[in-house]
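# no letters, just coordinates:
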């Protein structure tokens, strides 16, 4: 009996070796699978981010003005948009995170674009997203600004002026109301539950976004963002102060280069044909002004000078733009 | 007897070690194959995205502010490239090296047609506009996408300034992701 019991407890070296080696292989396999899944998630996130950037190309053709496009992702997605203005044209960085098994995956790598200007909540979250664009001009077209909103974020525009109302109506078109995220109301009680109110009239209590159309600024999170024209007004409404100022700086950088190109074009056309637009000096001044851009509070001054340059261009014998 | 038993045990351990190493190597090889296939898929997807980018870019590039005619040649036109502006852009293209995310951009004038036997003539500030190819951005590319555009410029004709518009092909080149 004693002999039998002792035998039952005995493990040969071969068994112990097999168990340890087996555990090691299983551990390595599980580790490899986890790493592989993470890699797959990262690659999906990077691909989605690049996809978003590529899919915004048609919005920049100016054909699709006042029309919005719906973008649907296979799973719930968070889109992070970051602006960087450290280089000449700066960069629009996009990265995503997707909900896998009810858990948000790690944020993917940044995919950057030098020629895109995206304005959205950071991060914007959902499965269905609306994209629309408007031209940014000082006074010639500099870029198409792209606005990204989730159908989960309901924006209620309260007492909006007629031009804004017309634009939003045109954007909404005859779309399916289940995905509607823009509402035009005159009273905040008529706004959907949980909506983000955008107030165009003073005196609305606890309004998260206030638009002052006479002084041309938007107040969001207690911070003031100045704008000129509806394109920048929407940009201020949908993004935050930091991103808005950074994107504006990038836009001015691109405008500066365009002013340089128009100044050189003026000289080139004069040398070739003898047609003088007589604007070269003013264009150089404008270019320098763009270079020294400090913030949105100087926009009104820039726009007033840009208007003068535009008048000059309209009256020129050979227009530059 | 004892010696024989010891040898048999050593043999078993050796067999098991070889088996474990074989299983391990097999799993590692399968893993490497999966990773290689996945990487190749990823490269293909990246190249497909580059292609899609080039395809969509070529349709919008003519309307971007660096290329578009604006209101210079009458009313605003779509897919119209301002040749005078592009010539000045070409001179400053080093600033735009990564701007559009493609490796090359060319504009080839196709109408009026050139002599089919003659070589394409690159436009420079000295021979312009008696040329038919503007290499806005030069770089090696594996594939390209193109779109037909109007190519307009200002000219002097009998002491008057006139608009001359011709037909061209805008070619955008992109690289295969390695």
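Right, received. Where do you want to start? Just so you know, these numbers come straight off a predicted model, no measurement behind them. Residues are numbered from 1 along each chain as shown, chains lettered A, B, ... in the order given.
# around chain B, which positions in the stretch 1-150 of chain A sit nearby?
Within reach of chain B by C-beta under 8 Å from any C-beta of the partner chain, the stretch 1-150 of chain A has these residues: A:12-14, A:17-18, A:21-22, A:25, A:28-29, A:32, A:36, A:39-40, A:43, A:47, A:50-51, A:53-55, A:57-58, A:60-63, A:88-89, A:113-115, A:140-143. Yep, even glycine has a C-beta here, placed from its N, CA and C like the rest.
# hmm, which of the residues you listed are the buried ones?
Neighbour-count burial (16 or more other C-beta atoms under 10 Å in any protein chain shown) is assigned, among the residues of the stretch 1-150 of chain A next to chain B, to A:17-18, A:21, A:43, A:47, A:50-51, A:53-54, A:57, A:60-62, A:88-89, A:113-115, A:140-143.
# out of those, list just those in helices.
The members of these that map onto helices under DSSP state H are A:17, A:18, A:21, A:43, A:47, A:50, A:51, A:53, A:54.
# now do the same contact list for the first one.
So that's residue A:17. By C-beta atoms under 8 Å, 6 or more residues apart in numbering or on different chains, residue A:17 lies in contact with B:13, B:16, B:17.
# and the last one, helix, strand or coil?
Taking DSSP: H, G, I helix; E, B strand; the rest coil as the rule, one finds residue B:17 in the helix state.
# count the neighbours of it for me.
14 (other C-beta atoms under 10 Å in any protein chain shown).
# distance check, it against chain A.
For residue B:17, the distance to chain A equals 8 Å [C-beta to the nearest C-beta, to the nearest Å].
# could you measure from that residue over to residue A:15?
Using C-beta to C-beta, to the nearest Å, residue B:17 is found at 14 Å from residue A:15.
# after the lowest-mean-pLDDT helix or strand in chain B, next one along is what?
Ranked by mean pLDDT, DSSP states H and E, the weakest helix or strand in chain B is helix B:2-60, scoring a mean of 81. Downstream of helix B:2-60, the first helix or strand assigned by DSSP states H and E is strand B:80-82.
# okay, and residue 166 sits in which element?
With no chain named, the answer covers chain A. Going by DSSP H and E, residue A:166 is in helix A:162-172.
# right idea, wrong chain: chain B
strand B:160-174.
# thinking again about what came up before, dump the ones in helices among the buried ones among the residues of the stretch 1-150 of chain A next to chain B into a markdown table; add distance to residue B:103 and pLDDT as well.
Below are these laid out as a markdown table (distance: C-beta to C-beta, whole Å; pLDDT from 0 to 100):
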| residue | distance to residue B:103 | pLDDT |
| --- | --- | --- |
| A:17 | 56 | 79 |
| A:18 | 56 | 79 |
| A:21 | 51 | 82 |
| A:43 | 23 | 80 |
| A:47 | 21 | 81 |
| A:50 | 17 | 81 |
| A:51 | 20 | 82 |
| A:53 | 17 | 81 |
| A:54 | 16 | 79 |
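# isn't residue B:27 right up against residue A:22?
No. With contacts counted by C-beta atoms under 8 Å, residue B:27 stays clear of residue A:22, the gap being 11.9 Å.
# find the closest residue to chain B in chain A.
At 3.6 Å from chain B, residue A:57 is the closest residue in chain A, using C-beta to the nearest C-beta.
# would you mark the buried spots in the helix holding residue A:166?
Neighbour count says helix A:162-172 has A:164, A:167, A:168, A:171, A:172 buried, by 16+ other C-beta under 10 Å.
# now do the same contact list for the last one.
For residue A:172, the contacting residues are A:180, A:182, taking C-beta under 8 Å, 6+ apart as the criterion.
# how far away from the center of its chain is the strand holding residue B:166?
Here strand B:160-174 is found 21 Å from its chain centre; the criterion is C-alpha atoms, centre = their mean, to the nearest Å.
# excluding its backbone neighbours, what's nearest the closest residue to chain A within chain B?
With C-beta to the nearest C-beta as the measure, residue B:56 is the residue of chain B nearest to chain A, at 3.6 Å. Ranked by C-beta to C-beta, 6 or more residues apart in numbering or on different chains and with sequence neighbours excluded, the top spatial neighbour of residue B:56 is residue A:57, at 3.6 Å.
# what is the burial count for residue 20?
All of this is about chain A. By the criterion of other C-beta under 10 Å, residue A:20 has 11 neighbours.
# nope, chain B
The number of residues packed near residue B:20 is 17, by other C-beta under 10 Å.
# repeat that for residue A:252.
By other C-beta under 10 Å, 22 other residues sit near residue A:252.
# surely residue A:47 meets residue B:52?
No. Applying C-beta under 8 Å, one finds residue A:47 not in contact with residue B:52, separated by 11.5 Å.
# each with direction, which strands does the strand holding residue B:166 pair with?
Strands that pair with strand B:160-174, judged by DSSP bridges, come out as strand B:104-111 (antiparallel), strand B:143-157 (antiparallel).
# give me the angle between the first one and helix B:2-60.
Taking axes from the mean of the first three to the mean of the last three C-alpha atoms, to 10 degrees, one finds strand B:104-111 and helix B:2-60 inclined to each other by 40 degrees.
# which of the residues in strand B:104-111 are buried?
Quick answer for strand B:104-111 (16+ other C-beta under 10 Å): B:104, B:105, B:106, B:107, B:108, B:109.
# could you do stretch A:280-300 as well?
In stretch A:280-300, the ones that count as buried by 16+ other C-beta under 10 Å are A:280, A:282, A:283, A:286, A:287, A:289, A:290, A:293, A:296, A:299.
# same question, stretch A:94-108
Those would be A:94, A:95, A:96, A:97, A:98, A:105, A:107, A:108, for stretch A:94-108 by 16+ other C-beta under 10 Å.
# identify the bridge partners of residue B:106.
Counting by DSSP bridges, residue B:106 is bridged to residue B:135, residue B:171.
# got a pLDDT number for it?
We have a pLDDT of 97 for residue B:106.
# my guess is it contacts residue B:134, does it?
Yes. With contacts counted by C-beta under 8 Å, residue B:106 reaches residue B:134, the gap being 6.9 Å.
# now for the closest residue to residue A:163 other than its chain neighbours: which residues touch it?
Computed as C-beta to C-beta, 6+ apart, the closest residue to residue A:163 that is not its neighbour in sequence is residue A:230, at 6.9 Å. If you count contacts by C-beta under 8 Å, 6+ apart, residue A:230 has them with A:134, A:163, A:164, A:167.
# chain B contacts on the stretch 201-321 of chain A?
Counting by C-beta under 8 Å from any C-beta, the stretch 201-321 of chain A sits next to chain B at A:254, A:257-258, A:260-262, A:264-265, A:268-269, A:272-275, A:317-321.
# which secondary structure state does residue B:118 sit in?
Secondary structure, three-state DSSP: residue B:118 is coil.
# what about it, how many neighbours?
Neighbours of residue B:118 (other C-beta under 10 Å): 8.
# where in chain A is pLDDT low?
Applying pLDDT under 70 to chain A flags residues A:1-10, A:61-65, A:175-176.
# quickly list the domain ranges of it.
Domain segmentation of chain A under automatic domain parsing yields A:28-151, A:155-238, A:247-315.
# isn't residue B:16 up against residue A:13?
No. The criterion here is C-beta under 8 Å, and residue B:16 misses it with residue A:13 at 9.9 Å.
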